[in-house]
Structure formats: structure tokens, C-alpha cells
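# Any chance you could fold what I've pasted below:
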Amino acid sequence: MQRIMTESLIVCDVAVVGAGPAGYAAALTAAAGGLKTVLIDKGDAGGTCLNRGCVPAKTWLAAAHMVKTLEWGKKIGLPAGVPDYALLKTHQREVVGLVQKGLLGVFKKRGVALVRAAATFVSSTEIALDTGVTVQFKNAVVAVGSRPSEIFGTGERFYTSDTIFGLEKLPASIAIAGAGAIGIEMAVFFARMGCKVTLLEALPDILPAADGEIRVLLRRELKKLGVDTHTGVKIAKAESETDCCRVELEDGKTFTAEILLTAAGRKPATGSLALDKAGVRVNIRGFIETDATMGTSKEGIYAAGDVSGKSLLAYTAHHEGVAAARNILGHGAHVDHRFVPYIVFGDPESAWVGRTEEQLQQTGMRYKAGRYHVRALARAQASGEIAGIVKVLVGEDKTILGVHMAAPHATEIIHAAAVAMAAGMKADALCDLPFGHPTCSEAISLAAADALGISIY
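Coordinates of the predicted model:
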């Protein structure tokens, strides 16, 4: 199919709706395979991750880590201080702008046409844009992502993970509803910036997907930062007052803070797509039903990223987008989420892959847990970051069942564990693999050795 572009009609091989990590990965992969590809999104390229999520969050957290480093630096005569928030905001915008400029450059190089418009399916082969243009396609990838839930209200004192990075000045205090990855990361940032932080979680513990031992350690470190954490509490209502936001819990207890950040729950951003007209089914939560190829109920239409509801992570979205495009190209790709590492840029960073101890205990599977404490690492002592633990769970046949860590650089070193598990490496082979010293990553092999009863140190 040749691509035809007129004022009112675009004909292409592949139409990708949504220019976030899943969408641009699918578009670039399809274009690299020689298909005429159109990428449709009314917003900025890069989606939530680049513009309102991962990237701006990491610029904030880099500043928070610098504050920590400078505080520790007092021991060796370095000054300490809190960053100028206005300069930090400038840095945030510059980073987003540079990454977005690079992304647009890649689109141009690969021949991906970026169309700024909102899309609605007319049929399984046609999309209507709000600019009056019609897009006819042979295959499509739906990658519109998700949006945060606005559970507790809107207004100048109410923020979500989409809007918090537009904050023009630091609040004196903040209440955060939700203690998952976003909630913890934001709690660390604002606490490091000198704000009073109240963290509220409806579930029994913070970061519910993490191993219990990791959660205990993170709660302890949040307390050291001055974060007031409450779990097993439900917000009944939140109201904006003259100079604060008042949060009332179901048990009657109240908290006040200058602003409230809702960091709990996300919904698929499929509202205006009219997926039913394309023959695409969604589940009861509104997420698109997909198989391991990222194919939907309608042949030729795929879905990738948050909108599929399988894994609401930017990097899995990218992976799913590539797989969808590869299947359009006829390469036969399947997505396996078993060895996807989960990462949280808290303090310390935490990450894990595989099953937790709680999950193994529920199944009755026999295993051994090996541990290595970060404070025993020379690299950690040298940098003054000694809080944390690395834990490796090993089955009776020496299979690595899970690796869990709260440690400096955990978001980087967890990938060594993920690769080992995906490759089927046994725990004893992991112990035989030389790790650099002094590093933080060597804790993985040391914890595996502990699980096997091997004495190394």
C-alpha cells in the first residue's frame, strides 16, 4: 500500500495512535521494516514518560540525590544546600526538550510522519482525525497510554502525576495519596527539598508488589527522611481551604497540607477512540484485550503499552510496541513479562525481578533465601550510602526464583539478575561469575552464595 497524503486523506501501511514509548517504538520499527507509517497524537511526542512522568521525575530525583550526597559531603568538607527550584525547573524543561528534539529527529530520519491530531476509529481500516483528515490503514497499533485517576478532586491544591511537574514553587507541605512507585519517589523528592511530607496508603503496606523485607527497609528509610507514613488508611474526602488542603480519613482522622498529590490508580486513555467501531474488545476495566503477540480481537489491529493493561511501565510499553510492529512485519514476536524488572527511584533505590518470598510461601514451593547487606560493601562505605539489602531466592534445583534489592544503583544492577534469570542461569553459575570489586552489583553473587551456603567472605 502506497502512502498518499492530501489535505483530507492519508493512506498508509501502518497507523499508530499514540506517540508515547509504545507508539513511537512501534512506528520506528515498522518504518525501519519499510512500511509507510503514520504516527498520530494530539500531544507532544514521548507521551507521559517523557513529558509528564519518567524523565521529569528523574531530573527531580537527581537533584534529591545530590542533596543527599552534599549532606554526606559535610564529612569531607563539602558544602550542603537545597537546589534553587527555579533552576531545577529550567533543567527539567531542558532535559525534556533535548530528548524530545532527538526523538523528532529520529522520526524524520526513519520517515515516520507525525500527525498532531486526536483520533477516532470509524471502522477496522479507517480513522477520523479531529482536523478533518481521514486515515486509511492496513494495520494499526493503539498505544494511547493511560491517565491518572483524579479520585479526590481538582483545583489549584490538587495534583496528579501528570500535573505535579508543572508546579512552579515548592510547597511547605504535601500529602501524597498512594505509596506505590510514584508516591515513594515523590515523597523522597519533596522530603529532600525540605517539605513536610505525609504519605497515605489504603493497602496494608507501602509498595505492595515488593518483597516484604524490602518494604520494611524502605519504610525505615522514609522515616529517617521525615516522611510521615500511614498505611491501611482510606481517604473519605479532601477539600481545598483558604491556605491548605484538608484530607479526612474514613476513621475521622484529618491531615492538612499545602497541596495533595494523588498517586494511586491509572485508567486507559481510550475514551474518544470508539474502539467498538473497529471491532476491538476491552475488558471490564477498559483496557484492551491482547494476546502474547499484542494482537487484539480484530485481526490487523494491535495494542501496546499501558492501554493493554499488562504492565504499566514505560519500558515494557516500548518492548510491546516493538513486538506489535514486528508481528505486522511478519517476524513472529511474543512478549514474555516474566523477567521484567521493576524499579523504583526511591532512597535507597529498589528493584526486583521474579517472585517474592510471600508468593513462594503461598505456593508452598521450597526455597532458600540468601542475603547480603549493603553496609558490608566497600563501594557503599566509600560513597556513604550504606542502607540496603540484596536478597536472592533459590529453588531446590538451584534455579534463581527471584532477586530483590534496596541498594545504591539498584535500578541499574537489577538487570544483571534479570538477564541471568531469563537465560536460565543457576545460582551456582551466578556465584562462579566474577563481579567487579568494589561495586554494588557484586552483592548479587554474594547473596546467591549465601543462599547456597557458600562462604565467600
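
# And the residue nearest to the spatial centre of the chain, what's its pLDDT?
Centroid-nearest residue in the chain: Leu313, 4.1 Å away (criterion: C-alpha atoms, centre = their mean). According to the per-residue confidence, Leu313 scores 91 in pLDDT.

# now the longest helix along the chain: how far from the chain's centre is it?
Assignment by DSSP state H gives helix 85-110 as the longest helix of the chain. The chain centroid and the centroid of helix 85-110 are separated by 19 Å, computed with C-alpha atoms, centre = their mean, to the nearest Å.

# Show me what that helix is packed against.
Other elements packing on helix 85-110 under the criterion 3 or more C-beta pairs under 8 Å, 6 or more residues apart in numbering; DSSP states H and E are helix 21-32, helix 47-52, helix 54-73, strand 113-115. For the C-beta atoms, the positions are set from N, CA and C on the backbone; glycine is no exception.

# Spatially nearest residue to Tyr315, not counting backbone neighbours?
Nearest non-adjacent residue to Tyr315, counting by C-beta to C-beta, 6 or more residues apart in numbering: Pro21, 7.2 Å away.

# mind checking how far the residue lying closest to Lys196 once chain neighbours are set aside is from Thr48?
With sequence-adjacent residues excluded and distances taken as C-beta to C-beta, 6+ apart, Lys196 is closest to Ser173, at 3.9 Å. Between Ser173 and Thr48 the distance is 26 Å, computed by C-beta to C-beta, to the nearest Å.

# Compare those two (neighbour count), which wins?
Neighbour comparison, Ser173 and Thr48: the larger count goes to Thr48, with 25 against 17 (by other C-beta atoms under 10 Å).

# so what's that one up against?
Listed by C-beta atoms under 8 Å, 6 or more residues apart in numbering, the contact set of Thr48 reads 20, 54, 145-147, 162, 306, 314.

# which residues of the stretch 101-250 of the chain fall in helices?
Assigned by DSSP state H, counting those that start in this stretch, the helices in the stretch 101-250 of the chain fall at 181-192, 212-224.

# Ranking those helices by mean neighbour count, which comes first?
Compared across the helices of the stretch 101-250 of the chain, helix 181-192 shows the largest average neighbour count, a mean of 25 (mean count of other C-beta atoms under 10 Å).

# And it, how far out from the chain middle?
Remark: helix 181-192 is offset 14 Å from the chain centroid, using C-alpha atoms, centre = their mean.

# outside of it, which residues touch it?
Residues from elsewhere that reach helix 181-192, judged by C-beta under 8 Å, 6+ apart: 57, 60-61, 63-65, 67-68, 82, 161, 164, 170-171, 174, 176-177, 179, 197, 199, 201, 206-207, 218, 222, 225-227, 229, 261, 263-264, 342-347.

# change it to 6 Å
The contact list for helix 181-192 (C-beta atoms under 6 Å, 6 or more residues apart in numbering) reads 57, 60-61, 64, 67, 161, 174, 176, 197, 199, 225-227, 263, 344-347.

# Kindly report the same for stretch 341-359.
Residues from elsewhere that reach stretch 341-359 (C-beta under 6 Å, 6+ apart): 61, 181, 184-185, 188, 211-212, 214, 387-388, 401-408, 410-411, 414, 417-418, 421.

# can you pull the buried residues of that stretch?
Neighbour counts using 16 or more other C-beta atoms under 10 Å place 341-357 of stretch 341-359 among the buried residues.

# Next: stretch 363-380.
Counting neighbours by 16+ other C-beta under 10 Å, one finds that the buried residues in stretch 363-380 are 367-370, 372-374, 377, 379-380.

# Which residue ranges of the stretch 201-350 of the chain form strands?
Assigned by DSSP state E, counting those that start in this stretch, the stretch 201-350 of the chain shows strands spanning 228-231, 235-240, 245-249, 254-257, 259-262, 266-268, 301-303, 342-344, 350-354.

# Oops, could you answer that again for the stretch 351-457 of the chain instead?
So, for the stretch 351-457 of the chain - with DSSP E, counting those that start in this stretch - the strands run 367-373, 389-395, 400-406.

# picking up where we left off before, ramachandran coordinates for the residue nearest to the centre of the chain?
Phi and psi for Leu313, reported as degrees, to the nearest 10, are phi -130, psi 140.

# where's it relative to Tyr342, distance?
From Leu313 over to Tyr342 (counting by C-beta to C-beta), the distance is 8 Å.

# same question, Phe152
Counting by C-beta to C-beta, the gap from Phe152 to Tyr342 is 26 Å.

# circling back to that earlier point, which of the buried residues of stretch 363-380 sit farthest apart?
Tyr367 and Arg379 (28.2 Å; C-beta to C-beta).

# give me the number of residues near Ser240?
Ser240: 16 surrounding residues under other C-beta under 10 Å.

# ditto for Glu396
Neighbours of Glu396 using other C-beta under 10 Å come to 9.

# I'd like the distance from it to Lys426, if you could.
Glu396 sits 12 Å away from Lys426, going by C-beta to C-beta.

# next one: Lys101
Distance, Lys101 to Lys426, using C-beta to C-beta: 45 Å.

# who's in contact with stretch 418-428?
With C-beta under 6 Å, 6+ apart as the criterion, stretch 418-428 contacts 339, 341, 353-354, 394, 398, 400, 430, 448, 452.

# what's the first-to-last distance across it?
Stretch 418-428 stretches 16 Å from its first residue to its last (C-alpha to C-alpha, to the nearest Å).

# which parts of that stretch are buried?
Buried residues in stretch 418-428, counted by 16+ other C-beta under 10 Å: 418, 420-421, 425-427.

# Ok, stretch 280-287 next?
For stretch 280-287, by 16+ other C-beta under 10 Å, it's 280, 282, 287.

# now those in JSON lines, with distance to Ala30 and pLDDT?
Output for the buried residues of stretch 280-287, formatted as JSON lines (distance: C-beta to C-beta, whole Å; pLDDT from 0 to 100):
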{"residue": "Val280", "distance to Ala30": "19", "pLDDT": "96"}
{"residue": "Val282", "distance to Ala30": "24", "pLDDT": "95"}
{"residue": "Phe287", "distance to Ala30": "23", "pLDDT": "95"}
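
# so which of those residues comes closest to Ile10?
In terms of C-beta to C-beta, no member of those lies closer to Ile10 than Val280, at 20.3 Å.

# who touches the closest one in this structure?
Counting by C-beta under 6 Å, 6+ apart, Val280 touches 296-298, 301.
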